[in-house]
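Peer 1: the following comprises the amino acid sequence and a computationally predicted model.
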Amino acid sequence: MNVISKRGLTEMAEGKRVGSDAMDELQSWYRTARRATWMNLIDVRQDFADVDQIGNVLVFNVRHNRYRLIVRAVYPKQKLYVKALLTHKEYDREEWKKWA
């Protein structure tokens, strides 16, 4: 999958001041996603069992639900668009659903 973009993901994480443990998990997510050839949610769940699909976005749990990584997947084009990295509290406000 072509992940768009690693730089954006890193900037989001730095903006949230995530700890090194969360940064390591995000980098691991990036490496896994980059190597993947996902065609649907079932394929994604082979790598990330707790991922959810809501509308046209995938929601990944980071650091045991401390953060949520929201990504738009375009399977036919093999592209992932990193949309947001939210704290659990921000995620619960559901404002992100406006564009999901």
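Peer 2: Perfect, thanks for sending it.

Peer 1: so what's the residue count around residue 4?
Peer 2: Neighbourhood size, residue 4 [other C-beta atoms under 10 Å]: 15. Placement of C-beta: from N, CA and C, glycine included.

Peer 1: let me know whether it touches residue 83 as I believe.
Peer 2: No. Judged on C-beta atoms under 8 Å, residue 4 makes no contact with residue 83 at a distance of 10.0 Å.

Peer 1: show me the contacts for residue 10.
Peer 2: For residue 10, the contact set (C-beta atoms under 8 Å, 6 or more residues apart in numbering) comprises residue 26.

Peer 1: what does it show for phi and psi?
Peer 2: phi -60, psi -40 (degrees, to the nearest 10).

Peer 1: so which residues of the chain form strands?
Peer 2: Assigned by DSSP state E, the strands in the chain fall at 2-4, 52-54, 57-62, 67-74, 79-87.

Peer 1: paired strands for the third one, with orientation please.
Peer 2: By that I understand strand 57-62. strand 52-54 (antiparallel), strand 67-74 (antiparallel) (DSSP bridges).
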